[in-house]
Structure formats: structure tokens, C-alpha cells
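Peer 1: Got a sequence here, can you model it:
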Amino acid sequence: MSEKQSRRRRGLAIAGGVTGGVAVGAAIAWGVPRYLARRTRAASADPYAHEPFELPPQRSVFTVESSDGVPIHVETAGPDDADLTVVFVHGYMQDMATFYFQRKAIAEAERSGVSMRAVLYDQPGHGKSGPLPRTEYGIEDLAGVLHDVLAAVAPRGPLVLVGHSMGGMTIQVFARLYEPEFRERVKGVAFFSSSAAGLDTVETRPMRALRRLRRTVLPMLQQVAGWTPDLIDRSRLLAGDLGWLLTRKAAFGHIDPPASLVTLVERMNRRTSMQSIVGYARAILDHDETATLPLFTGLPALVVVGDEDLLTPPEHSRRLAAALGGSRFALIAEAAHSPQLEYPGEISQLLLEMIDKVVAEIGRGSAVSAAPAATRADPRPHPGPERTRRWSPFSRHHGHRLEP
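Peer 2: Purely as a prediction, here's the structure:
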């Protein structure tokens with residue numbers, strides 16, 4: 001064999017080895033997350049495995065066009081002429097599915113004789129709603145969308161507003177921009193894992209990442225005309241198993257969250273486009289509605305946060321509750337940023353009890369006392385006489401701490 005042929009064979013062998021190594025590495029990178037995700041799913045006891053998250057209780061489905069011309073997906077549960085309308089406003093990188101259990105609680109209460117209606121919608125750039133027509137968004141934009149939704153599907157009657165994370169910020173800005181309507185119609189509020197100000201100073205890994213996103217990607221979006229992150233979004237859609245494992249680790253406070261809830265949160269995150277993820281970063285970090293909070297004085301209010309929330313840490317909810325005055329504060333043990341999903345029975349019960357105060361003030365029945373027959377007494381010590389019944393068995397039976 002000639003020296004030339006020998007060198008060629010050695011080159012082919014090296015190339016084959018490199019190619020084989022790349023192939024093995026790719027197989028490991030793809031296969032290990034897939035294996036771990038399947039193993040984790042199979043190992044988890046899942047009390048919600050048969051919940052129809054894609055088919056929640058509903059009465060009507062609407063598409064409302066916002067003042068910016070954005071199609072907003074809206075769903076309702078309960079009669080259109082109900083005495084009280086509860087409006088749910090979801091947070092960053094989620095959609096209306098984050099309130100699945102609370103929507104179900106409202107539907108159960110309505111079927112038990114309480115005249116209540118739930119209104120839910122997907123914020124612009126989330127879920128089934130279209131994106132805002134610019135690269136950078138403000139919470140004022142979202143408050144305008146809330147106003148448009150109310151005008152279209154709930155133009156009259158008393159309201160309870162429930163906001164999770166960025167949804168709570170939306171409610172605060174709505175109160176400032178539409179103060180006469182807010183004072184006239186809003187009879188109660190609930191804030192889940194939200195903040196009135198100061199998220200730009202939170203020193204947790206997720207918030208530092210959000211600040212880096214704002215500094216790096218946002219300027220590129222603003223300077224490069226026509227740039228779209230479609231390629232990034234397609235790659236995110238393909239990274240299902242890895243994304244599932246990361247969601248399981250980062251989005252839940254409990255060490256072994258139900259697999260179906262991990263799938264639900266991961267799907268909501270993945271469906272939020274990169275354009276929207278980047279577009280809302282500055283609005284969240286710059287949000288400061290401290291001066292608006294006196295508008296909520298005197299309203300029945302519920303403030304809930306998980307004790308392991310890294311996005312809106314508990315001290316933000318504590319400050320919010322203190323500023324509202326007379327609100328009920330609940331710190332949920334072993335919960336992260338979405339306690340309404342991790343501990344749905346507890347959160348739904350707390351929400352119904354707050355709604356009960358509203359119902360009593362407007363003089364129409366009781367939401368908690370009219371709970372369905374499946375409701376049973378809570379065996380744990382009660383913080384007060386009003387906490388006497390539970391909404392449903394959808395609870396993981398972990399405690400929470402209530403503070404005045």
C-alpha cells in the first residue's frame with residue numbers, strides 16, 4: 001500500500017471516528033433527556049392525570065379585537081346574566097389555563113346555586129391571542145386590553161379581578177388608567193404571586209436572566225428591522241423533553257410535582273413566542289404602581305404567594321398586602337410561582353372565601369356555604385370562623401400559613 005493510500009485511510013478513519021462521536025453525542029443529548037423525562041413521568045403519582053386541561057368548563061368563546069387591532073381569545077363559564085363576574089388575568093409566559101382549577105371552582109359554585117360567572121382571556125402574545133404590533137410592550141397596553149375585554153363581554157355589573165404575576169400588575173395599572181370604572185364596578189381583588197414595584201432589584205437567577213434578556217436581545221429587536229425569532233421558536237418547540245425537565249425543576253416548589261401539571265406549565269411556556277418573552281421584559285422590570293395602591297383601600301383582597309417563588313419573592317407580596325390594608329395574606333408552603341396550580345384546592349378555597357365577602361357586601365347569598373356536596377370539612381385548625389368548608393378534593397394536602 002502506498003503512503004498516499006495509507007494517509008487517505010487514516011484520514012477516513014479519523015473522519016469516521018469524529019462523525020461517530022458527533023452522532024453518539026447527538027444521540028445522548030437527545031436520548032438522555034427523553035429517557036429521563038419518560039422515567040420521571042412514569043414514576044410520578046399524578047392526582048390530575050385525568051383532568052381535561054384542554055377542555056375546561058366553558059359557556060362561551062369569543063374573539064375580542066383590542067383597540068390596537070389585536071385578536072384576544074376570551075372564554076367564559078357561567079351565565080351571562082350572573083350577579084357577579086370574576087375576571088382572571090394571567091401572567092408572563094402563561095395563559096388562561098393557569099386558572100384551570102379556579103375556573104372549575106367558579107363553575108362548581110355556580111351549579112350549586114351561586115350566581116357567578118368566570119371570564120378568562122389570553123394576554124396579547126400568549127395562548128391563542130395575537131401579539132401586540134411592536135417590539136416592546138407596556139403594562140398600560142395590557143390594562144387597555146383588560147378594559148376592551150370587559151367592554152365586550154362584561155360591560156355591566158360588579159366585578160372581582162384576579163391577577164397572577166403580570167396579571168396582577170395589569171389590574172394595578174387598570175385601576176389607575178380607568179379609575180372611575182374601577183371604583184364603580186370592582187368589588188374585590190386577588191393577587192397571586194405579584195408585585196407592585198422593585199422586580200428590577202430581585203437577585204435570583206431567573207430575574208438576573210430577565211435583566212440580561214432586556215439588555216441584549218431587546219436592543220437587537222429594536223434595531224434590526226424585520227427581524228423575527230421564528231427559528232428560535234421552532235427550536236423551542238422541538239426541545240420538548242429537555243424543556244419538560246427544566247420546567248419540573250424550575251417552576252415548582254414541591255420535589256415531586258404531578259407530571260400533568262409540569263406538562264401544562266411547559267406547554268404554556270413553549271407556546272409563548274420569543275417576541276413576547278422579550279417584549280414584556282422591560283415592562284415587568286420597570287413596573288412601579290406603589291402610588292396606585294390606595295385605590296384598593298376598603299376592597300376585600302386576597303394576596304397569595306409561594307414560599308419558594310424566585311420570580312416575585314414573598315417579600316413583594318407581603319409589601320403588597322400591607323399596602324392594601326385589611327387584605328388576607330397567604331404564604332403557601334412548598335410552592336413556587338404558580339401556587340394556584342400546585343395547591344389548587346387551597347387557593348380555590350381562599351378565593352371563594354374572599355368572593356364570599358364580596359357576595360355578602362352586595363347582598364346575594366354565599367359562595368362557600370353553597371359549595372358542592374363533594375366538599376368536605378377541613379380537618380386542620382381553622383384561622384377563623386369563616387374557614388369551615390373546602391371547595392373540592394383537588395388538594396395535595398400541604399399546609400399554608402395565613403397572616404392578617
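Peer 1: where exactly do the helices run in the stretch 251-400 of the chain?
Peer 2: Per DSSP state H, counting those that start in this stretch, the stretch 251-400 of the chain carries helices over the ranges 259-271, 274-279, 281-286, 314-324, 339-342, 344-362.
Peer 1: Which strands and helices lie in contact with the fourth one?
Peer 2: Packing partners of helix 314-324 (3 or more CB pairs under 8 Å, 6 or more residues apart in numbering; DSSP states H and E): strand 186-192, strand 301-306, strand 328-332. Bear in mind the C-beta positions are built from the backbone N, C-alpha and C, glycine included.
Peer 1: could you check the angle strand 301-306 makes with the longest one?
Peer 2: For strand 186-192 against strand 301-306, the angle by axes from the mean of the first three to the mean of the last three CA atoms, to 10 degrees is 10 degrees.
Peer 1: Can you add distance to residue 171 and give the helices of the stretch 251-400 of the chain back as JSON lines?
Peer 2: What follows is the helices of the stretch 251-400 of the chain, written out as JSON lines (distance: least, CB to CB, whole Å):
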{"stretch": "helix 259-271", "distance to residue 171": "20"}
{"stretch": "helix 274-279", "distance to residue 171": "19"}
{"stretch": "helix 281-286", "distance to residue 171": "14"}
{"stretch": "helix 314-324", "distance to residue 171": "11"}
{"stretch": "helix 339-342", "distance to residue 171": "15"}
{"stretch": "helix 344-362", "distance to residue 171": "14"}
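Peer 1: Compare the ones you listed and give me the one nearest residue 146.
Peer 2: Nearest of the helices of the stretch 251-400 of the chain to residue 146, taken as CB to CB: helix 281-286 at 14.3 Å.
Peer 1: got a list of contacts for the closest one?
Peer 2: 92, 136-139, 141-142, 166, 169, 199-200, 210-211, 213-214, 218 (CB atoms under 8 Å, 6 or more residues apart in numbering).
Peer 1: Repeat the analysis, applying 7 Å as the threshold.
Peer 2: Counting by CB atoms under 7 Å, 6 or more residues apart in numbering, helix 281-286 makes contact with 92, 136-139, 166, 199-200, 210-211, 213-214, 218, all of which sit outside it.
Peer 1: Over to stretch 258-265?
Peer 2: Contacts of stretch 258-265 (CB under 7 Å, 6+ apart): 41, 44, 46-49, 51, 53, 97, 244, 247-248, 251, 338, 341.
Peer 1: how distant is that stretch from the center of its chain?
Peer 2: 13 Å (CA atoms, centre = their mean, to the nearest Å).
Peer 1: Could I get the buried residue list for that stretch?
Peer 2: Judged by neighbour count (16 or more other CB atoms under 10 Å), stretch 258-265 contains these buried residues: 258-265.
Peer 1: would you list the helices of the stretch 251-400 of the chain in TSV and tack on distance to residue 116 and mean pLDDT?
Peer 2: Converted to TSV, the helices of the stretch 251-400 of the chain look like this (distance: least, CB to CB, whole Å; pLDDT from 0 to 100):
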stretch	distance to residue 116	mean pLDDT
helix 259-271	24	93
helix 274-279	31	85
helix 281-286	31	92
helix 314-324	23	96
helix 339-342	17	96
helix 344-362	7	93
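Peer 1: Out of the ones you listed, the one nearest residue 302 is which?
Peer 2: helix 344-362 (4.3 Å).
Peer 1: Can I get that closest one in PDB? Just the C-alpha atoms.
Peer 2: Only the C-alpha atoms of helix 344-362 are listed here, as PDB (Å, rounded to 0.1, in the frame of the first residue of the first chain):
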ATOM      1  CA  PRO A 344     -55.400  24.300  43.700                       C
ATOM      2  CA  GLY A 345     -57.800  23.200  46.400                       C
ATOM      3  CA  GLU A 346     -56.300  25.600  49.000                       C
ATOM      4  CA  ILE A 347     -56.100  28.500  46.600                       C
ATOM      5  CA  SER A 348     -59.600  28.000  45.200                       C
ATOM      6  CA  GLN A 349     -61.000  27.800  48.800                       C
ATOM      7  CA  LEU A 350     -59.200  31.100  49.700                       C
ATOM      8  CA  LEU A 351     -60.500  32.700  46.600                       C
ATOM      9  CA  LEU A 352     -64.100  31.600  47.200                       C
ATOM     10  CA  GLU A 353     -63.900  32.900  50.800                       C
ATOM     11  CA  MET A 354     -62.800  36.300  49.500                       C
ATOM     12  CA  ILE A 355     -65.600  36.200  47.000                       C
ATOM     13  CA  ASP A 356     -68.000  35.300  49.800                       C
ATOM     14  CA  LYS A 357     -67.100  38.700  51.400                       C
ATOM     15  CA  VAL A 358     -68.000  40.400  48.200                       C
ATOM     16  CA  VAL A 359     -71.200  38.500  47.800                       C
ATOM     17  CA  ALA A 360     -72.200  39.400  51.300                       C
ATOM     18  CA  GLU A 361     -71.500  43.100  50.700                       C
ATOM     19  CA  ILE A 362     -73.700  43.200  47.600                       C
END
